[in-house]
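Engineer: Just a sequence and a predicted model for now, questions to come.
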Amino acid sequence: MHHALIVTVVALVTLTGCCTDQQRAQNRLAAEGPSGLGNFSVSLKVKDLAASRAFYEKLGFRALPAPTGGDGKNYVILQNETATIGLFQGIIPANTLTFNPGWDRSAKPLAQFDDVRDIQAALIKRGLEPTIKADASSTGPAFLMLTDPDGNPVLIDQHVPRPKP
């Protein structure tokens, strides 16, 4: 019995050692699903950026500094204690649920995170078909778009390169 356990452990170590970190992440994502889709925000399609910004600032939201917080002409990213919203004028077709892999709440890059291409592969294996796919062969910033059963857009938008192993 003890011998069989040792053989099993050696086989597992050998098999695990033959895979790259990217392959291990893809295998984990395929089996378990994404552990994190990234920092969450709601992206709102607005008619008048200045009027919408003023409204949300009266609710206690404050703009993130540029460039992360937007250009101030077409979009602005606002936060309060626990919520992040993006106001977009003339950029997005509808209000959108947005996830940003690779960023923390302050839009600072994370060292480790689930890459959008790996998330996409796991979602496809689960039967979800993106309406817009990330280029699986790329390594830089990328995004994918899904539509939920009620027609709501879900954007998974990664602004940073694939994490290093």
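Structural biologist: Everything's here; your move. Numbering: from 1, shown residues only.
Engineer: where do the helices sit along the chain?
Structural biologist: Ranges of helices in the chain, per DSSP state H, are 2-17, 21-32, 49-58, 116-125.
Engineer: which secondary element of this protein has the worst mean pLDDT?
Structural biologist: Sorting the helices and strands of the chain by mean pLDDT, DSSP states H and E puts helix 2-17 at the bottom, at a mean of 36.
Engineer: List the residues that contact Phe113.
Structural biologist: With contacts taken as CB atoms under 8 Å, 6 or more residues apart in numbering, Phe113 has the following neighbours: 36, 38, 101-102, 163. Yep, even glycine has a C-beta here, placed from its N, CA and C like the rest.
Engineer: what's the burial count for the nearest residue to Thr84 once chain neighbours are set aside?
Structural biologist: In space, and not counting its chain neighbours, Thr84 is closest to Ser41: 3.8 Å by CB to CB, 6 or more residues apart in numbering. Other residues lying near Ser41 total 23 when counted by other CB atoms under 10 Å.
Engineer: show me where pLDDT drops low in this structure?
Structural biologist: 1-35 (pLDDT under 70).
Engineer: Pull out the buried residues from stretch 119-126.
Structural biologist: The neighbour-count check on stretch 119-126 (16 or more other CB atoms under 10 Å) flags 119-123 as buried.
Engineer: May I have it as PDB, with CA atoms only?
Structural biologist: Coordinates of each C-alpha in stretch 119-126 appear next as PDB, following Å, rounded to 0.1, in the frame of the first residue of the first chain:
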ATOM      1  CA  ILE A 119     -11.300  32.700 -18.500                       C
ATOM      2  CA  GLN A 120     -12.700  32.600 -22.000                       C
ATOM      3  CA  ALA A 121     -11.500  29.000 -22.600                       C
ATOM      4  CA  ALA A 122     -13.100  28.000 -19.300                       C
ATOM      5  CA  LEU A 123     -16.400  29.700 -20.100                       C
ATOM      6  CA  ILE A 124     -16.600  28.100 -23.500                       C
ATOM      7  CA  LYS A 125     -16.000  24.700 -22.000                       C
ATOM      8  CA  ARG A 126     -19.000  25.500 -19.700                       C
END
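Engineer: And that stretch, how far out from the chain middle?
Structural biologist: Taking CA atoms, centre = their mean, to the nearest Å, one finds the center of stretch 119-126 at 13 Å from the center of the full chain.
Engineer: Over to stretch 142-160?
Structural biologist: On CA atoms, centre = their mean, the centre of stretch 142-160 falls 9 Å from that of its chain.
Engineer: Any buried residues in that stretch, and which?
Structural biologist: Buried residues in stretch 142-160 (16+ other CB under 10 Å): 142-144, 146, 153-160.
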